[in-house]
Every structure is written in structure tokens, then in C-alpha cells.
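> attaching a predicted model along with its sequence, questions to come.
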Amino acid sequence: MALLPYTRSTETGLLASVPEEKRTECWWLVMPNGAPIAGNHGGGVALLGEMNSTRPLACLLSALRLSGFLDWLDELFSRWRSWLSWYTPKGPAPHRYP
């Protein structure tokens, strides 16, 4: 798993199947099989399901059909991004992509 910046080289390979006008609307999760999932359409639960420590939470959210609620929370927190950035470390995100 890796956090990648949105660049032309990244979008060409990983987001090639996503229409160009939709690529910057939200964050994207690209699954190991290459399928992209929009962050505002189930990406949050899918991301939680990909990490071992949060997989049970993803199963619970899926069973309770709370993916939309998690998408709503993501949208809410993205509006407060500048205020919340005070609490996050400065510098580039880790990069571990094969």
C-alpha cells in the first residue's frame, strides 16, 4: 500500500480507466487487481478493509451499510482540512509503492 501524489505519471497508469474530469473530484483507492474506487463512493470502507488492523471495522461498517456515512464524514473533514492540518506532521507522505 502506498500514498501517491497526484501526478501525470501516476494517473496515466493507475487511473487510466477513470474519466479525466473525475480524477480530481476526490481521492482514489486503486485495488491490487487495478480497479479504482472513488473515495466518495465506498473508498473509505474499502481502504479500511485493505489494512489488517481495521479489517474488522470495515466488515462491521459494510454489514451495517454505513459506507455512505463514512463518505459523508470524509466530506465533512475535508472541508476542515486547513484547520486539521495543524495537528498532522509536516513533510511528504510515506512512499512505498512497488
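Sure, I can see it.

> contacts and neighbour counts: CA atoms only from here.
Fine.

> for this structure, give me the ranges with low pLDDT.
Applying pLDDT under 70 to the chain flags residues 1-3, 5-12, 93-98.

> in it, which spans are helices?
8-14, 44-50, 55-63, 67-79, 81-84 (DSSP state H).

> single out the most deeply packed of these.
Comparing the helices of the chain by mean neighbour count (mean count of other C-alpha atoms under 10 Å), helix 44-50 ranks first with a mean of 19.

> which residues outside that one are in contact with it?
Helix 44-50 is contacted by residues 29, 37, 54-59, 61-62, 67, 70-71 when judged by C-alpha atoms under 8 Å, 6 or more residues apart in numbering.

> could you redo the last one with a cut-off of 7 Å?
Leu29, Thr54, Arg55, Ala58, Ser67, Leu70, Asp71 (C-alpha atoms under 7 Å, 6 or more residues apart in numbering).

> now, which of the residues you listed sits nearest Gly13?
Of all the contacts of helix 44-50, Gly13 sits closest to Leu29, with 13.3 Å by C-alpha to C-alpha.

> which residue packs closest to the closest one, ignoring adjacent ones?
Ile37 (5.1 Å; C-alpha to C-alpha, 6 or more residues apart in numbering).
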